[in-house]
Structures are given as C-alpha cells and as structure tokens.
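Colleague: pasting the sequence and the predicted model now:
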Amino acid sequence: MANQPTSTKAQEIFERGLTSIRDFIAPSVMIVEKDYLQLGNLFVRTLFTYAYPRYLFTNWLSPIINIDKTLDVSMFIYPVESRVVMDNLRKKVAQLESSLAIEAEKGKVRDPKLEAALRDAEALRDKLQLGTEKFFQMSLYFTLYARSKEELDNFTKEIENILGAMLVYTKPAILQIEQGFNSTLPINDDQLYIPRNFDTASLATCYPFTSSELTQNEGIIYGINRFNNTLVIFDRFKLENANMVVFAKSGAGKSYAVKLECLRSLMFGTEIIIIDPEEEYKNLCEIVGGSYLDVSLTSDKRINPFDLPKPIKGEEGQDRLRENIAMLHGLINLMLGKLTPQEDALMDRALIETYALKDITFDPATQNKEVPLLSDLEEVLSNMEGAESLTQRLRKFTQGTFSGLFNQRTNIDLDKPFVVFSLKHLEDILRPIAMYMILGYIWDKVRSELKKRILVIDEAWHLMQYEDSAKFIMGIAKRARKYWLGLTTITQDVEDFLVGRYGKAVVNNSSLQLLLKQSPAAIDLVAGVFRLTEGEKYQLLQCDVGEGIFFAGFNHVAIHILASYMEDQIITTSPEQLLEIEAAKETETAKAEENTE
C-alpha cells in the first residue's frame, strides 16, 4: 500500500508523454482579440442574437444553414415551468391593462403597440392554461470562420444582412469571444448565456436541420437529391439563360447524364442538336428517329462554309454577307494558322471579291444567288500580289487531301428534332475546323427560326484550345438566350477549358453547372471557379459514377443521376452493356430469320 502513490504518479508521468487525441485536434496557436480570435490559420468570430420579430416564418434559418461558407450554429433551449410563466404573465397583463386605462382617462389616442402586447399575452396565457403551448428560453449563436480578417468582416456583414432582412438582430460577442467560441463547440456549454423567450410554435420555426432542395412544378427529372432523396426537377429555360456546363473526369458519367437530359427533354418538344466526337450518341439518335450525320473525308455529308446565313423572320432585308465574312475569317485562321495583319487584310479583300464573282455584294438584294466554293477563293488569291503563301496553304483544302470535305456544296438539313453530327472518323487535325463550320451552320439555323433547342458540344476543350473557335463558343453562350437556345458544353480537361478567358466566360454565362467526380489534379481549379467548400471538394473526389453537385442559379444540391431500365439500355456507354445489347440484337435477328424460313 505504501508504494501505491508512487506508482500512480509514475503512471501519470508516463501518460503525459503519450500522444493523445487532444494533441491532434488542438490548434497550433490561439490568439484572443477584442472581437475575434485567431485559431491557427483561421480567423473566428461569434455572433449572438438579441432581438427577434413578432412573427417568425417556418425554416427562417435555412439561408444560414445552406450558405456556401464555413460556420457553426449553436442553439441552447431551456424549458421553463408553465406555473412560473403564468404568474409573470398575470402581472404583465395587469400592467398592460393599467397602462391602457390610464391613457384612456387622459384622453390620449389609443396605442396599438400596447394593445398588441396585451392580446399576445392573453393568447399565450390561454394556450399555456390549456396545455397546447409550452414556454422556453433559447440562446442562438453563430461562429464564423475565414482565412483573413477582411474576409471575416465581410462574412460577418453578410450574415448580419441576411438575418437583419428578417428582423433578427445579432451582435459580436465583444470581450467574450473565447466564451462565444466555446459556446458553439460540441460540448454543450453555454458560456455566453444570452437567452430569449419563445413559445412552442416560435421555437419550432427555428428547427435548423434543413437541406437544399431543387424541385419545381415543371421541367425534367435530372436525378435524386442525395441528402433528402427528393427529386431534382428543373426547367433550364426558366433561368436567366439555359446554358449548362458539365465537368468531370473520364468515366464519371458526363455523356450519360447529358444523354438522359436530351432524351427526357425531347419528350417535352425540345429540339436536340449534338456534336459527337466519339460516336456515343448514335444508338440514342437511331432509337428516337433522328438524323445521324457522319462528318468525315469518306462521308457524303458536306457543309459549304460560304453559305450565307438564312434570313431571320422579320429581318429579311438585313446584310448577311458581312456577318459570314467575319465567320470565314475565324475559320481560315483555323485552317491556315494565325494570319499576319497583312495576310488578314489580303484575305478580307479576297473574300469580298470571291463573293463578287457570283454577283453577291453587300446589297441584300444580291444575296440570294448561288454562293461560291473554297476553290473560288483559291483562284482569287492566286491572282493577288503578295498572296502566294496563302494560296499554297489553302491548296490542300481545295485540291489536296482535305479537298472533299470543305470544297463542296452543302447537302445536309436540320429538319428532324434530334440531329447528331459525328466527328469520330475525322482526323484530329481537322476536328476543330469541322466543329467550327458545323457550329456556324447550326447557329444560322437556330437564328432563322425561333424554337426551344438544346445544343450539346461534347469534348468542348478541343475548341477552347484555339482562340477563334473559343471566341465563337463564347459568342454563342452569350447570345443563345435570345434565340431560345440552351448551350451544353461537356469536357473532362477542366484546365484546358478554364485557364483561358473564353472558357471562364462560357462558365459565367451558364446558369446550370453539373460537376461529377473530379481528379485530384483538377479539383483545386474547379473549387476556385465554383467556390466549393472543403466538404464539397472531398465529395467530388470520393463520389461514385453518376454522383456530383448540380448548380441551378443560386441553388445547388448533391445529385445522384438515375435512369430507368429502358433509358439505361438506350443511353448506356458501358462497353460491356453495349456488347450484350448487340449480342441480343443478333440473337433476335437470327430467330426472326429462322421463323421466316
């Protein structure tokens, strides 16, 4: 027994030398100032609520709970015995009635504030007496976190403005910042203790456990809200613009999600136009009875870049030549490489003269004649002094290997409600040029007739690598709303898309964003552009295929994209499933042939 104290002391000394949980979670530094404290690299401030309006609407804390910033909310509820409250209310009612009687005797104008207070007190007494209400006191605190003092001050103003708009007033816990911080830790210790009175109904409106929802009465189903299992139903054409960007790593389900949206939108009468670089939309196009146009050197489908835009209804007298010459400048920059200022001036004159060969001038009355071909431009350049280099570089597109694709008249149409342009069999060097031409042709069609349409550009990073095509995409994104068009851009190379100013402009002009699983190399760039929290970054790194975050305007939800069995069979891109479907088709065909015999 005599050795026990010594043994206990030795054990305590030994345990002090061990690493504990507190060592892991403790900050490296804690500096307490008058109105904030510094916790490691974070700046922290606690606000307490001191005044509430007469009425509180249900879920009034939702804007704070769903804000895209880091904060802790702590709520302490203290039940009060009804007997004590009834005694206090009896005294309060007597005081109010006395005040009203005195003012009436003096002939003063009635005081609505006193009358309202008396009615509220009497109503609460009745409810407490009947047992339909209970009485509580509640303390409500908000602890805000930021990376700098300036960011903390801005965050504080934002919270104060949100709550102030609802007549809920807050103050920082000046000279009690440490106690305020401790009050919002998960240790159930109200060290500030600044309670306010609430009845059951008022307290119920403060219930803080809400989650974001994105459900409308119209639109299509995009998926399931992962937090509360509600449906994400949305009509993209109800936003300020109908543009959408989809970012994800390869295999995360980008094309699957977009195909599902296209299939469901088609059922509501929306026309779909898709630029398909990998032949992923062929099965879907064939099933819905659309037009699948294979754009390649061996295909018979052609687009003449010299076609003038179709006249817009109500604007038949407009000059369409200038607009198409501007488009041709961008196309030729892609075909021949960046032109020098001298070459650009020569090309501008050559394009005007090429149209003049067909008697087409800037007079709108002449612009319904047959347009020239690329070979006509080569002929004009060959007769111009100083254009020898341009002529030689253009020749491979008129007489050389690539002549068949760019030097023939247009023989395609976009009459069907589902149209896919396939670029799979087109050489990589020609893809940006072909996509630019196709987009120009589509844009002319879109402007000529006002209809609800969705234009999908898969692997859009191909176009964003070149300034002229990137500028063209940005122009469509900015102007699509006027023509009832929703532009959907899909890419897996986030860095190539977002580093340039044109890619960021496309994102800024897209009211919808769908972020699926991201790679660790791209997550910081994505998080910076979309202002993701650390939790959302982790979610995008760890989520499964078809899971991510769906942004619509100022709202966003964690989404799980699901398709029905029939939809899945139509839109799947899984090689295993595609082989199974193909084998099933061959079996059915063989059976049909046997029955015929």
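Modeller: Perfect, thanks for sending it.

Colleague: how close does the residue most central in space within the chain sit to Ala480?
Modeller: Against the mean C-alpha coordinate of the chain, by C-alpha atoms, centre = their mean, the closest residue is Gln513 at 2.5 Å. The gap separating Gln513 from Ala480 is 16 Å, by C-beta to C-beta, to the nearest Å. C-betas here are computed from N, CA, C, even on glycine.

Colleague: would you map the helices across the stretch 151-300 of the chain?
Modeller: Under the criterion DSSP state H, counting those that start in this stretch, helices of the stretch 151-300 of the chain are mapped to 177-183, 200-204, 254-266, 282-287.

Colleague: and of those, who's closest to Lys537?
Modeller: helix 254-266 (18.7 Å; C-beta to C-beta).

Colleague: got a list of contacts for that closest one?
Modeller: If you take C-beta atoms under 8 Å, 6 or more residues apart in numbering as the criterion, helix 254-266 is touched by 220-223, 246-248, 272, 274, 280-281, 284, 288, 417-418, 454, 456, 458, 488, 490, 492, 514, 516, 546, 561, 563, 567, 570-573.

Colleague: again, only this time at 7 Å
Modeller: For helix 254-266, contacts defined as C-beta atoms under 7 Å, 6 or more residues apart in numbering pick out 220-222, 246, 248, 272, 280-281, 284, 288, 417-418, 454, 456, 458, 488, 490, 492, 514, 516, 546, 561, 563, 567, 570-571, 573.

Colleague: of those, buried ones?
Modeller: With neighbours counted by 16 or more other C-beta atoms under 10 Å, these contain buried members at 220-222, 246, 248, 272, 280-281, 284, 288, 417-418, 454, 456, 458, 488, 490, 492, 514, 516, 546, 561, 563, 567, 570-571, 573.

Colleague: among those, which are in strands?
Modeller: Ile220, Ile221, Tyr222, Val246, Ile272, Phe418, Ile454, Val456, Thr488, Ile490, Leu514, Leu516 (DSSP state E).

Colleague: list the contacts of the last one.
Modeller: Pointing back at Leu516 there. Going by C-beta under 7 Å, 6+ apart, Leu516 touches Ala248, Ala252, Gly253, Lys254, Glu547, Gly548.

Colleague: swap in 10 Å and give it another go.
Modeller: Going by C-beta atoms under 10 Å, 6 or more residues apart in numbering, Leu516 touches 246-249, 251-254, 256-257, 492, 540, 543-550, 559, 561.

Colleague: what residues of stretch 463-475 count as buried?
Modeller: Going by neighbour count (16+ other C-beta under 10 Å), the buried part of stretch 463-475 is Leu463, Met464, Tyr466, Asp468, Ser469, Ala470, Lys471, Phe472, Ile473, Met474.

Colleague: report the separation between the residue nearest to Tyr483 when sequence neighbours are not counted and Gln11.
Modeller: Counting by C-beta to C-beta, 6 or more residues apart in numbering, Tyr483 lies nearest to Val446, which is 5.1 Å off, once chain neighbours are set aside. Val446 sits 79 Å away from Gln11, going by C-beta to C-beta.

Colleague: cool, Glu576 as well?
Modeller: 61 Å.

Colleague: over to Gly535?
Modeller: Gly535 is 40 Å from Gln11, by C-beta to C-beta.

Colleague: dihedrals phi and psi, Phe48?
Modeller: Backbone dihedrals for Phe48, given as degrees, to the nearest 10, come out at phi -120, psi 150.

Colleague: ok, now which ones touch it?
Modeller: 74, 139-142, 170-173, 176, 180, 183, 192-194, 196.

Colleague: so of those, which ones are in strands?
Modeller: Short answer: the contacts of Phe48 in strands (DSSP E) are Ser74, Ser139, Leu140, Tyr141, Phe142, Thr170, Lys171, Pro172, Arg196.

Colleague: what about the closest residue to the third one other than its chain neighbours, how many residues close to it?
Modeller: By that I understand Leu140. Spatial nearest neighbour of Leu140, chain neighbours left out: Thr49 (4.5 Å); criterion: C-beta to C-beta, 6+ apart. For Thr49, the neighbour count with other C-beta atoms under 10 Å is 19.

Colleague: ok, longest helix in the protein?
Modeller: helix 82-105 (DSSP state H).

Colleague: buried stuff in the helix or strand just after that one?
Modeller: For helix 82-105, the following helix or strand on the C-terminal side (DSSP states H and E) is helix 112-130. Buried residues in helix 112-130, counted by 16+ other C-beta under 10 Å: Ala117, Leu118, Ala121, Leu124, Arg125, Lys127, Leu128.

Colleague: kindly report the same for stretch 332-339.
Modeller: Ile332, Asn333, Leu334, Met335, Leu336, Leu339.

Colleague: same deal with stretch 41-52?
Modeller: Buried-residue list, stretch 41-52, by 16+ other C-beta under 10 Å: Phe43, Val44, Arg45, Thr46, Leu47, Phe48, Thr49, Tyr52.

Colleague: what residue spans form the domains of the protein?
Modeller: Annotated domains of the chain cover 28-204, 212-293+416-563, 304-409, 564-597 [automatic domain parsing].

Colleague: contact partners of the helix or strand encompassing Leu525?
Modeller: In the assignment (DSSP H and E), Leu525 maps to helix 520-530. Helix 520-530 is contacted by residues 68, 245, 247-249, 492-495, 497-499, 503-504, 507-508, 513, 515, 517-519, 532-534, 536-538, 540-541, 549, 551, 556 when judged by C-beta under 10 Å, 6+ apart.
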